[in-house]
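In: Sequence first, predicted model second:
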Amino acid sequence: MPDVVAAVIVDSLIEPRRVLASRRTRPAALKGRWEFPGGKVEPGESAETALIREVQEELDVTLMLGDELTPSGGGWPISDRLTLRIFWAEIFIGRPTLSESHDQIAWLSADELDSVDWLDADLAALPAVRAELAS
């Protein structure tokens with residue numbers, strides 16, 4: 001099953017307090033909904049390499065990746081044929097910038113995670129993200 005990757009970008013991998021959310025501009029079915037940035041893994045590409053590439057393209061930052069956030073069962077289902085793999089990350093180089101794919105970004109605390117309209121697959125991961133931010 002092909003993978004889609006996403007980064008839970010936190011203000012600090014050591015002591016995370018806030019997470020970056022980005023609002024989609026396309027495709028039309030996803031426009032206006034929020035996500036953890038990322039994208040599809042290309043053939044021959046590792047999930048980690050794809051994630052660093054996708055976030056560089058989308059937000060113009062370079063990430064330092066942390067551990068994978070995995071549910072029991074191995075991945076966060078997007079559809080019958082796509083699985084979302086999520087990694088903790090911190091910005092190593094740059095500052096997030098808006099692009100054609102995202103028109104807003106927000107740094108959210110654990111208490112603010114429910115303030116945006118998340119994509120379904122990302123929404124499923126929120127309890128695990130919230131628990132890490134609150135610990």
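Out: Good, I have the coordinates. Numbering: from 1, shown residues only.

In: And residue 82, how far from residue 92?
Out: 28 Å (CB to CB, to the nearest Å). In short, each C-beta sits where N, CA and C put it, glycine included.

In: try residue 106
Out: 20 Å.

In: neighbour count winner among the two?
Out: residue 106 (14 against 11; other CB atoms under 10 Å).

In: Now the more buried one: closest residue in space, sequence neighbours ignored.
Out: Taking CB to CB, 6 or more residues apart in numbering, and ignoring the residues beside it in sequence, residue 106 has residue 21 as its nearest neighbour in space, at 5.1 Å.

In: hang on, the one you found packs against residue 108?
Out: Yes. If you go by CB atoms under 8 Å, residue 21 and residue 108 touch, sitting 5.5 Å apart.

In: shared neighbours of those two, which are they?
Out: Listed as contacting both residue 21 and residue 108 by CB atoms under 8 Å, 6 or more residues apart in numbering are residue 116.

In: The helix or strand hosting residue 7: which residues count as buried?
Out: Taking DSSP states H and E as the criterion, residue 7 maps to strand 3-10. Within strand 3-10, the residues that qualify as buried are 3, 4, 5, 6, 7, 8, 9, 10, counting by 16 or more other CB atoms under 10 Å.

In: Show me the contact partners of that strand.
Out: 16-20, 35-41, 47-48, 50-51, 54-55, 63, 65, 69, 75, 78, 82-91, 96, 121-122, 125, 129, 133.

In: Which other helices and strands does the helix or strand following that strand contact?
Out: Where DSSP H and E defines the elements, the next helix or strand beyond strand 3-10 is strand 18-24. Packing partners of strand 18-24 (3 or more CB pairs under 8 Å, 6 or more residues apart in numbering; DSSP states H and E): strand 3-10, strand 34-35, strand 102-109, helix 120-134.
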